[in-house]
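>>> okay, structure incoming, though there's no sequence with it:
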């Protein structure tokens, strides 16, 4: 770049090419453009061993989380498709035991889980026609006990929302 600037600045002013006034700014701009036009192509750097290890750990974690969500969704689907008191009670207890042993998988929306279980609770023996879910629910005390136990366990294991005061 210095050689190009020296060549441009040492040209005689009477040259037909430089008959007009050439300022420093225009010389720097033209020299920069000439340099950038002839640069070598960029090549990608080889990944470092630390980066490869971090990527491997990230992939393993994503796989583990996907398996956990899949197992959780399978148990939640069993609750949703329950058709009797025994089915609802065993599926809800199974889901509660999964939450106790493994926790709630990352990425699972707690409100959606509660809504699905509540719909199953209200619909399996007395269909609820009210869209606001203001129904009396099933007549079985066992189903009610399983539902309440599930809600208590979910409340214990669910992460606190951001900005919420600590539980006492």
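Arrived safely. Just so it is clear, the model here is predicted, and its values are computed rather than measured.
>>> ok, how many other residues are close to residue 55?
Here the count is done by other Cβ atoms under 10 Å, and residue 55 has 11 residues near it. The way it works is simple: take the backbone N, C-alpha and C, and place the C-beta from them, glycine included.
>>> and the helix or strand hosting it, what other elements does it pack with?
With elements taken from DSSP states H and E, the one containing residue 55 is helix 49-80. Under the contact criterion of 3 or more Cβ pairs under 8 Å, 6 or more residues apart in numbering; DSSP states H and E, the helices and strands touching helix 49-80 comprise helix 85-102, helix 110-123.
>>> please point out which parts of stretch 93-106 sit buried.
Residues of stretch 93-106 classed as buried: 93, 95-96, 98-99, 104-105 (neighbour count, 16 or more other Cβ atoms under 10 Å).
>>> what about it, average pLDDT?
This predicted structure assigns stretch 93-106 an average pLDDT of 90.
>>> what residues does it touch?
Applying Cβ atoms under 8 Å, 6 or more residues apart in numbering, the set of residues contacting stretch 93-106 from outside is 65, 68-69, 71-72, 75-76, 78-79, 110, 113, 117, 146, 149-150, 153-154, 157-159.
>>> buried subset of these, written for PyMOL?
For selection in PyMOL, the members of the contacts of stretch 93-106 meeting the burial criterion (16+ other Cβ under 10 Å) are listed in this command:
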select buried, resi 68+72+75+76+78+79+113+117+146+150+153+154+158
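>>> returning to that earlier point: so can I have TSV of the buried residues of stretch 93-106 showing distance to residue 29?
TSV is the format used below for these (distance: Cβ to Cβ, whole Å):
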residue	distance to residue 29
93	75
95	68
96	71
98	67
99	66
104	60
105	57
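>>> from the residues you listed, pick the one nearest residue 45.
Proximity of the buried residues of stretch 93-106 to residue 45, judged by Cβ to Cβ, is greatest for residue 105, which lies at 35.7 Å.
>>> for residue 151, see how far away the closest residue in space to that closest one that isn't next to it in sequence is.
Excluding its sequence neighbours, the residue lying closest to residue 105 (Cβ to Cβ, 6 or more residues apart in numbering) is residue 68, at 4.1 Å. Going from residue 68 to residue 151 by Cβ to Cβ, to the nearest Å gives 21 Å.
>>> go on, residue 90?
Applying Cβ to Cβ, one obtains 17 Å for the distance of residue 90 from residue 151.
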